[in-house]
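Trainee: need coordinates for the following:
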Amino acid sequence: MATLGDPLSDLGLFLVYWGRDQTTFAGADASKAPGTGFLTREEIAARYAEVSGRDVSQLDFYEMLASYKLAIILAGIHARYLMGKTVGEGFDHIGTMVESIAQSALDTGSRSSIAALRG
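Mentor: Purely as a prediction, here's the structure:
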């Protein structure tokens, strides 16, 4: 999935999926601990800025936006599941992810250097 518009929206979503934990990403059990060859979040952003020439100083905004968008999408999937309109395995736990993703957005804002995102 990609966004038409500001390319930093895609980078923000990528970082949401990448996660902050250095042991897992995108809900997988694969390790991205130091020494495994995976870039850190900071290295990803720096490499993106270097290659694209784009300013990533406001990246917290895009990551927060992506977190809220993902939480809304998951809430919609959960609502359809509860109505019996989403069938298949794995949808029964989607609703439990909404609050933690929204909280992640708030956490990003609280540690952001962008004053408007804090509080």
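Trainee: for the residue of the chain positioned farthest from its centre, helix, strand, or coil?
Mentor: Outermost residue of the chain with respect to the C-alpha centroid, by CA atoms, centre = their mean, is Gly84; its distance is 27.3 Å. Three-state assignment for Gly84 (DSSP: H, G, I helix; E, B strand; the rest coil): coil.
Trainee: in terms of pLDDT, where does the residue nearest the centre of the chain sit?
Mentor: Nearest residue to the geometric centre of the chain (CA atoms, centre = their mean): Val16, 1.5 Å. Val16 is assigned a predicted lDDT (pLDDT) of 91.
Trainee: just Ala30 next, same as before
Mentor: What the model reports as pLDDT for Ala30 is 57.
Trainee: got any ranges where the chain has weak pLDDT?
Mentor: Applying pLDDT under 70 to the chain picks out residues 1-3, 21-35.
Trainee: where do the helices sit along this protein?
Mentor: With DSSP state H, the ranges of helices along the chain come out as 8-18, 41-52, 59-82, 95-110.
Trainee: just give the number of residues close to Ser113.
Mentor: By the criterion of other CB atoms under 10 Å, Ser113 has 9 neighbours. For glycine as for every other residue, the C-beta is placed from the backbone atoms N, C-alpha and C.
Trainee: ok, it to Thr40 distance?
Mentor: 18 Å (CB to CB, to the nearest Å).
Trainee: before we move on, what about Gln103?
Mentor: As judged by CB to CB, Gln103 and Thr40 stand 22 Å apart.
Trainee: excluding its backbone neighbours, what's nearest Arg47?
Mentor: Among residues not flanking Arg47 along the chain, Leu39 sits closest, at 6.8 Å (CB to CB, 6 or more residues apart in numbering).
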